[in-house]
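**Q** Test case, fold it:
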Amino acid sequence: MVPRNPESVDEPVEDQTVEPEESSENEAPRPKRRSRAVLQGARIKRRGSRIRVLMVVVLIAAAVAAVAWLTVGYFRSNPRYRLAAVELRGQKHLGKSEIEAVFKPDEGRSIYTIPLDERRRQIEEISWVHHASVSRVMPNEIWVRVEERVPVAFLWSPKGASMVDGEGVLLDAPPETYFNLPVVRGVAQIGRAHV
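**A** You can find the predicted model right below:
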């Protein structure tokens, strides 16, 4: 008689779990294989999350740019910020009218559209001004702080008397001001602004 093979019997067999064979210590455990569809789905999810992050960054940048554009437009067009006064500080002999003449083209403009560096350079071209700083003061003023030149002598020339500072810059004598300075004579030729 042939011995029965339990696998060939048509009797119902209970679910059996097959345990993997124990690997030896030298063999590394095999990683679980993922199906191609699972890997492709993970890639699509990563790509989708990157696109969402990029869209959020673009939207935030656009919102910041829009707010900046609206803010700049507000300060440039609001009548509250139009130039109302030019405040002069640090002067002794320099007339305020000379400084106001520099800012004449800016009347009616917003203080945020006035080119401060250009105005500072124009102020420093005035003979009495050695250094100047120009700043905006909210809501509608410009402050000018000057350091005046210090005259060291009267210069007597064929063109008449004028003053000169230590750097040789010719200065117009301010009205109603008294200076006790030495007089220099014998200068034959006077340059445009310097001796």
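
**Q** quick one: the helices in this protein?
**A** Assigned by DSSP state H, the chain shows helices spanning 36-77, 96-102, 116-124.

**Q** so how far is residue 79 from the most centrally placed residue in the chain?
**A** Centroid-nearest residue in the chain: residue 68, 12.6 Å away (criterion: CA atoms, centre = their mean). Distance, residue 68 to residue 79, by CB to CB, to the nearest Å: 21 Å. Any C-beta I mention is one placed from the backbone N, CA and C, and that applies to glycine too.

**Q** With residue 57 instead?
**A** 37 Å.

**Q** Please apply the same query to residue 176.
**A** Using CB to CB, residue 176 is found at 39 Å from residue 79.

**Q** Who has more neighbours out of these two?
**A** residue 79 (8 against 5; other CB atoms under 10 Å).

**Q** which ones are touching that one?
**A** Applying CB atoms under 8 Å, 6 or more residues apart in numbering to residue 79 gives no contacts.

**Q** Tell me, please, the helix or strand in the chain that averages the lowest pLDDT.
**A** In the chain, no helix or strand scores lower on mean pLDDT, DSSP states H and E than helix 36-77, which sits at a mean of 81.

**Q** doesn't residue 75 make contact with residue 110?
**A** Yes - shown here, residue 110 and residue 75 form a contact pair, counting by CB atoms under 8 Å, at 6.3 Å.

**Q** about what we covered before: could you dump the helices of the chain to TSV with distance to residue 184?
**A** As requested, the helices of the chain are arranged in TSV below (distance: least, CB to CB, whole Å):
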stretch	distance to residue 184
helix 36-77	51
helix 96-102	26
helix 116-124	25
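
**Q** so what sits against both of residue 110 and residue 75?
**A** Each of residue 81 lies in contact with both residue 110 and residue 75 under the rule CB under 8 Å, 6+ apart.

**Q** What's the local residue count around residue 132?
**A** With neighbours defined by other CB under 10 Å, the count for residue 132 comes to 24.

**Q** how about the residue lying closest to it once chain neighbours are set aside, what does it touch?
**A** For residue 132, ignoring the flanking residues on the chain, the nearest one in space by CB to CB, 6 or more residues apart in numbering is residue 123 at 4.3 Å. Residues in contact with residue 123 (CB under 8 Å, 6+ apart) are 99, 102, 129, 132, 134, 144, 146.
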